[in-house]
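Trainee: Got a predicted model here, sequence first, then my questions.
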Amino acid sequence: MQGGKYANDQASGKIQGYGSKLANNASGQLEWEDYFFHLVYPEDKRDLSIWPQTPADYIEATAEYAKELRALATKVLRVLSLGLGLEEGRLEKEVGGLEELLLQMKINYYPLCPQPELALGVEAHTDVSALTFILHNMVPGLQLFYEGKWVTAKCVPNSIIMHIGDTIEILSNGKYKSILHRGMVNKEKVRISWAVFCEPPKEKIILKPLPETVSETEPPIFPPRTFAEHIQHKLFRKSQEALLNK
């Protein structure tokens, strides 16, 4: 569903809407995925004109889910703050607080793949977000790079997957790690996942290690950048890797 007003256009900066990644990635493998991207929180920043109209309760259910996830993000950020020896509200404030932190949902659809050994659902990457929450349809496919090898995440009923993204790794000066992960496909089952990325406002906040995480023996390992600049830095690195792999 690439046509019409529901299609996204990343070249022009319009990331919301439907898209497809049926193309070769930097490592030469085929990415085998369709997706739908839309901002789900705060409510006043949503564009309901592109939200699916079917099923009939999609908007109501998704809005309620986003509200619950936003409350969960606060709880997780409090725990992470305390883990760094900070006041419990510190990390949430640093990523935009209740009004500015954005929740972006990406619904991933991985079709049946006749030759899964030649394709990936999503290539290996870390998320730029502060936190990422993931639900799925109980079909395995999410893999994490752990201790030098790829490990498939278990499908646990009635659970939600959460991992830390680049934003928290930067603020913590590397004390919390943004996990390298990828999505796999198979030829027997369709896989669907619902990922929600908790992102700071693109231009308002400078991401850099917090002073409390820096010392003479642990100098800052990340330069100051806005969230938008961090995204561009990652895209530049990815394009350079693609050129090297040609």
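Mentor: The structure has been received and is ready for your questions. Residues are numbered from 1 along each chain as shown.

Trainee: ok, Glu43 touching Ala63?
Mentor: Yes. The criterion here is C-beta atoms under 8 Å, and Glu43 meets it with Ala63 at 7.0 Å. C-beta: built from backbone N, CA, C; applies to glycine.

Trainee: which residues touch the residue lying closest to Gly96 once chain neighbours are set aside?
Mentor: Spatially, and ignoring its direct neighbours in sequence, Gly96 is nearest to Pro200 (4.6 Å; C-beta to C-beta, 6 or more residues apart in numbering). Pro200 sits next to 94-96, 100-102, 130, 167, 207, 227 when contact means C-beta atoms under 8 Å, 6 or more residues apart in numbering.

Trainee: In ChimeraX, how would I select just the buried ones from these?
Mentor: Per 16 or more other C-beta atoms under 10 Å, the buried members of the contacts of Pro200 correspond to this ChimeraX selection:
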select :94,95,96,101,102,130,167,207,227
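
Trainee: Looking at the chain, name the residue that lies furthest from the middle.
Mentor: Most distant residue from the mean C-alpha position of the chain: Glu216, 32.5 Å away (C-alpha atoms, centre = their mean).

Trainee: Kindly confirm my reading that that residue forms part of a helix.
Mentor: No. Per DSSP: H, G, I helix; E, B strand; the rest coil, Glu216 lies outside any helix segment and is coil.

Trainee: Against Glu33, how distant is it?
Mentor: Remark: distance between Glu216 and Glu33 (C-beta to C-beta, to the nearest Å) = 45 Å.

Trainee: now swap in Ala66 and tell me
Mentor: From Ala66 over to Glu33 (counting by C-beta to C-beta), the distance is 22 Å.

Trainee: And those two? Which one has more around it.
Mentor: Glu33 (24 against 18; other C-beta atoms under 10 Å).
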